[in-house]
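J.: Let me see the structure of the following:
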Amino acid sequence: MYEFIIVDNDFEMIHIVKDLIEKIIFQRNLKAKIKTFTSYDTDFQTVFTSSAFKIFILDIVMPGIYNGLDGARMIRNHSTEDVIFFLSSHEDEYCYQIFKETYRYYAFINKNEMASLTDKLLHLLDEYQTSHDVIQLCSDSEFYQIQKRKIMYLETDTLKRKLVLHLYPTFDFSISKGIHEMQALLGDDFIFINKSYLINRQYIAGYSFLKKTIFLDSGISLKIIPKKMRKKELKALLQIDNHPLV
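T.: As a prediction, this is how the structure comes out:
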């Protein structure tokens with residue numbers, strides 16, 4: 001899931017940028033939302049509760065207490081991965097300050113050069129899918145684009161006949177796919193501890209063989225080690241000799 005977040009006090013400019021993004025979403029068949037704001041007040045700050053990958057398009061000169069540079073600081077206080085575009089007619093005035101304060105922005109686009117915004121957004125999407133190993137899932141008329149590395153584990157819900165994906169840090173959703181089908185899609189970093197759970201090896205922080213429990217570094221404990229499994233088998237499965245024992 002992508003979220004495009006536009007902040008500008010010019011309603012006409014919001015409409016132009018939104019229209020541009022909607023065309024990209026249609027062309028790329030993206031699962032995405034567009035959110036618009038006219039200031040960096042508390043309403044804007046509600047976007048940080050979402051776990052989606054966010055692409056911010058920020059105007060700099062704004063009325064009120066906060067300007068676009070303040071907005072960028074808020075973003076970086078919550079995330080180092082979300083992408084920031086500055087869209088402004090004041091490049092000469094603010095470009096040096098932005099560079100000096102290292103906001104880690106993706107591009108500075110002049111409002112008179114909107115074609116450049118389209119090009120940069122398309123390039124970003126290509127980069128993102130390549131570098132973040134994004135998979136696409138279609139299930140029950142719903143479409144998801146997710147990064148493999150954000151999936152902590154998958155579990156079978158036998159009552160609902162669904163597969164539940166648990167994403168870092170606190171986002172879950174269900175799909176109508178088999179767990180073995182997902183294992184083939186996700187690859188060797190995802191391992192079966194038992195037949196109902198597929199775990200991302202990167203999140204495993206330790207285990208208690210006595211309690212038959214796997215510990216994830218997100219703080220989650222899963223009592224899923226089969227009673228018949230030997231400790232030697234478990235250590236071989238994890239491929240790590242130095243997991244802490246409890």
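
J.: in the protein, which ranges drop under the pLDDT threshold?
T.: The model of the chain has pLDDT under 70 over residues 91-103, 130-132, 139-140, 240-246.

J.: center of it, which residue is that?
T.: Centroid-nearest residue in the chain, with Cα atoms, centre = their mean: residue 53, separated by 3.8 Å.

J.: measure stretch 212-228 end to end?
T.: 10 Å (Cα to Cα, to the nearest Å).

J.: who touches that stretch?
T.: Outside of stretch 212-228, the residues within contact range by Cβ atoms under 8 Å, 6 or more residues apart in numbering are 152-153, 166, 168-169, 193-194, 196-197, 199, 203-209, 211, 234, 246. Quick note: C-beta positions are derived from backbone N, CA and C, even for glycine.

J.: same thing but at 6 Å, please
T.: 152, 168, 193-194, 197, 203, 205-207 (Cβ atoms under 6 Å, 6 or more residues apart in numbering).

J.: Please apply the same query to stretch 119-126.
T.: So stretch 119-126 is contacted by 24, 107 (Cβ under 6 Å, 6+ apart).

J.: Distance from the chain centre to that stretch, please.
T.: 17 Å (Cα atoms, centre = their mean, to the nearest Å).

J.: Would you mark the buried spots in that stretch?
T.: By neighbour count on 16 or more other Cβ atoms under 10 Å, the buried set for stretch 119-126 is 120-121, 125.

J.: What does the residue nearest to residue 48 when sequence neighbours are not counted show for phi and psi?
T.: Once flanking residues are discounted, residue 48 sits nearest to residue 78: 4.4 Å by Cβ to Cβ, 6 or more residues apart in numbering. Dihedral angles of residue 78 (phi, psi; degrees, to the nearest 10) stand at phi -110, psi -30.

J.: what does residue 197 give?
T.: phi -130, psi 130.

J.: Can you show me the helices along the chain?
T.: 11-28, 42-45, 68-78, 91-100, 114-131, 179-186, 231-238 (DSSP state H).

J.: Comparing those helices, which comes out most buried?
T.: helix 68-78 (a mean of 18; mean count of other Cβ atoms under 10 Å).

J.: Quick one: list the elements packing against that helix.
T.: strand 53-58 (3 or more Cβ pairs under 6 Å, 6 or more residues apart in numbering; DSSP states H and E).

J.: Cool, thanks, talk later.
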